[in-house]
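Q: 3D, please:
(one chain, ligands or ions: 2)
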Amino acid sequence: MGEPRLTWNPDNPETGPSMPAAFFYDPGVFEEEKERIFRRCWHVVGHVNEFDEPGKYVVQDILEQSVIVIAGQDGAIRAFHNVCRHRGNRLITGRRGKAGAVIRCAYHSWCYEQTGALRAAPRTEHLKDFRREDWGLRPVRMEIFAGWVFVTLDDTIAPLAEIAPGAEAEMRRFFPDLDNLELVEETDVEVAANWKVIQENSIEGYHFDLSGPVHKELAALIDFAGYRLTPHGQWWTYIGPPNTGATHAYGVPLAGATWQTDWFFNIGIFPNTTFYTFPYTDMVGTFIMIPTGPETSILRFGYYAPKGRPVPEVTKAAIAWMNTQLGPEDIELNVTNQKGLHSLGFGSGRYLIDPERPNQSEHLVHHFHKLCYEAIRA
Ligand code: FES
Ligand SMILES: [Fe+2]
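A: Ligands and ions are numbered 1, 2, ... in the order given. So this is what the prediction gives:
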């Protein structure tokens with residue numbers, strides 16, 4: 001018999017307790033989340049333009065699993081388990097690259113084509129009942145949604161268009177260049193916090209003008225009274241109109257700058273994918289909370305910009321500002337929050353849910369916690 005399972009009643013957001021602290025560090029809950037959330041959801045791998053030449057690949061690790069997404073000679077994008085069928089050696093260890101005509105296993109040189117077919121397996125010609133065509137890489141389910149490549153380890157979940165109806169139209173409203181993006185840079189940061197601690201920080205406006213100085217800079221670029229956080233089932237948005245009086249952003253002047261949108265736009269897809277842009281920038285950011293343990297995560301910051309045009313100075317400044325200022329200010333809060341959750345003086349808190357303060361209300365935090373709870377307990 002294991003420990004009794006943790007429970008919570010998520011049905012009283014305005015008066016009841018917030019999701020209990022143990023959900024953010026309990027190893028049993030983490031195992032349930034691995035099985036019931038991360039094995040059964042869509043994971044964003046990269047933009048479709050990252051696969052514009054044969055052999056270009058991106059590796060996506062999903063907890064103990066690893067998936068290769070690779071472009072073939074025929075232009076098709078395919079996904080496979082990143083493992084050699086001979087003795088189970090991981091095939092590719094880096095995050096991105098370009099393979100030649102074959103992917104060669106470093107152990108005994110089994111060679112796989114970009115279609116996953118096993119082309120060569122040294123010294124197997126005398127093996128009884130061995131047919132090369134039976135030993136190709138095992139495929140992984142993949143789909144392209146709104147210009148992004150996603151994979152899932154589950155063959156039964158609904159396609160993203162059904163899970164997140166309306167999300168693509170909303171992305172296209174703010175990202176006119178959605179199909180024409182290329183990767184500018186990607187940074188992984190290890191964060192000593194549960195993945196949900198990172199998510200809940202990003203989906204509330206309550207701390208914007210109450211926490212650190214960099215957050216106040218962001219709030220000043222937005223007409224913050226008009227900031228709105230809106231749940232739509234398995235996806236959500238948090239959107240702020242521009243403060244049109246701004247003359248500088250991210251430490252540089254706005255005069256002469258061009259941008260894709262002057263709005264602060266964020267769209268989240270359950271459980272851990274966010275696409276966003278900062279006001280007055282010409283970029284699409286990805287913000288992915290990748291769980292690595294009950295109290296550790298990798299926060300993956302991706303920055304994509306329209307292909308074939310120079311990245312404006314304001315956008316470059318925004319990327320640097322996210323990497324060196326806003327990101328670290330939030331990560332520090334994530335880490336101190338994670339530590340505090342263990343305190344005997346906490347246990348559970350309250351949601352600041354106030355319809356009269358829709359720009360600061362924590363209703364989206366509750367919405368997200370409820371989705372997590374229902375996913376592991378339904
Ligand atoms: S494990 Fe890959 S060739 Fe042996
Ligand atoms: Fe924040």
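
Q: grab the nearest non-local neighbour of the residue nearest the centre of the chain.
A: Central residue of the chain (C-alpha atoms, centre = their mean): residue 288, 2.5 Å from the mean position. What sits nearest to residue 288 in space, not counting adjacent residues and going by C-beta to C-beta, 6 or more residues apart in numbering, is residue 300, at 4.2 Å. (Each C-beta comes from the backbone N, C-alpha and C, glycine too.)

Q: what does stretch 155-163 rub up against?
A: Under the criterion C-beta atoms under 8 Å, 6 or more residues apart in numbering, residues 40-42, 141, 143, 145, 150, 167-168, 234-235, 269-270 lie in contact with stretch 155-163.

Q: could you rerun that using 10 Å?
A: For stretch 155-163, contacts defined as C-beta atoms under 10 Å, 6 or more residues apart in numbering pick out 39-42, 44, 140-141, 143-146, 148, 150, 152, 164, 167-168, 233-235, 269-270, 273.

Q: what residues of it count as buried?
A: 160, 163 (16 or more other C-beta atoms under 10 Å).

Q: helix or strand: which one has residue 57?
A: strand 56-62 (DSSP states H and E).

Q: what helices or strands is that strand leaning on?
A: strand 43-47, strand 65-71, strand 77-81, strand 96-98, strand 148-152, strand 284-293 (3 or more C-beta pairs under 10 Å, 6 or more residues apart in numbering; DSSP states H and E).

Q: who does residue 139 bridge with?
A: residue 80 (DSSP bridges).

Q: gap between it and residue 317?
A: 42 Å (C-beta to C-beta, to the nearest Å).

Q: looking at these two, which one has more neighbours?
A: Comparing residue 139 with residue 317 by neighbour count (other C-beta atoms under 10 Å), the higher total belongs to residue 317, at 20 against 13.

Q: residue 244 versus the more buried one, what's the distance?
A: In terms of C-beta to C-beta, residue 317 sits 19 Å off from residue 244.

Q: likewise for residue 253?
A: Distance from residue 253 to residue 244, by C-beta to C-beta: 15 Å.

Q: which one's more surrounded, these two?
A: Neighbours per residue (other C-beta under 10 Å) separate residue 253 from residue 244, with residue 253 holding more: 12 against 8.

Q: do a quick rundown of the helices in this structure.
A: Per DSSP state H, the chain carries helices over the ranges 27-36, 160-163, 167-174, 195-202, 213-221, 313-321, 327-341, 363-377.

Q: export the ones you listed as CSV, with columns for mean pLDDT.
A: Listed next are the helices of the chain as CSV, based on pLDDT from 0 to 100:
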stretch, mean pLDDT
helix 27-36, 97
helix 160-163, 98
helix 167-174, 97
helix 195-202, 98
helix 213-221, 94
helix 313-321, 97
helix 327-341, 98
helix 363-377, 97
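
Q: how about the residues of the chain near ligand 1?
A: 84, 86, 87, 89, 105, 107, 108, 109, 110 (C-beta under 6 Å from any ligand atom).

Q: what's the farthest-apart pair in those?
A: Spatial extent of these (C-beta to C-beta) is set by the pair 87 and 109 at 12.1 Å.

Q: so which of these two has more stuff around it?
A: For residue 87 versus residue 109, the count of surrounding residues by other C-beta under 10 Å is larger for residue 109: 14 against 10.

Q: the nearest residue to that one once chain neighbours are set aside: what's it in contact with?
A: Of all residues not flanking residue 109 in the chain, residue 122 sits nearest, at 5.3 Å (C-beta to C-beta, 6+ apart). Taking C-beta under 10 Å, 6+ apart, we find residue 122 in contact with 108, 109, 110, 111.

Q: got a winner among those for most neighbours?
A: When neighbours are counted by other C-beta under 10 Å, residue 110 leads those with 24 neighbours.

Q: just the CA trace of stretch 218-225, in CSV.
A: Output of stretch 218-225 as CSV, limited to C-alpha atoms (Å, rounded to 0.1, in the frame of the first residue of the first chain):
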residue,chain,number,x,y,z
LEU,A,218,6.8,45.6,-18.9
ALA,A,219,3.6,46.9,-17.3
ALA,A,220,4.5,50.4,-18.5
LEU,A,221,4.6,49.2,-22.2
ILE,A,222,1.0,47.9,-21.9
ASP,A,223,-2.2,49.7,-21.4
PHE,A,224,-2.4,47.6,-18.3
ALA,A,225,-6.0,48.4,-17.4
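
Q: from the stretch 201-350 of the chain, which residue is nearest to ligand 1?
A: Taking C-beta to the nearest ligand atom, ligand 1 has its nearest neighbour within the stretch 201-350 of the chain at residue 292, 25.2 Å off.

Q: so how far is residue 146 from residue 137?
A: Taken as C-beta to C-beta, the span from residue 137 to residue 146 is 27 Å.

Q: ditto for residue 243
A: 28 Å.

Q: looking at those two, which is more packed in?
A: Using other C-beta under 10 Å, the more surrounded residue of residue 243 and residue 146 is residue 146, with 23 against 18.

Q: state the number of residues packed around the residue nearest to the more buried one when sequence neighbours are not counted.
A: Distances taken as C-beta to C-beta, 6+ apart put residue 168 closest to residue 146, at 4.2 Å, once the chain neighbours are dropped. For residue 168, the count of nearby residues is 17 (other C-beta under 10 Å).

Q: shouldn't residue 168 be in contact with residue 143?
A: No - taking C-beta atoms under 10 Å as the definition, residue 168 is not a contact partner of residue 143, at 12.0 Å.
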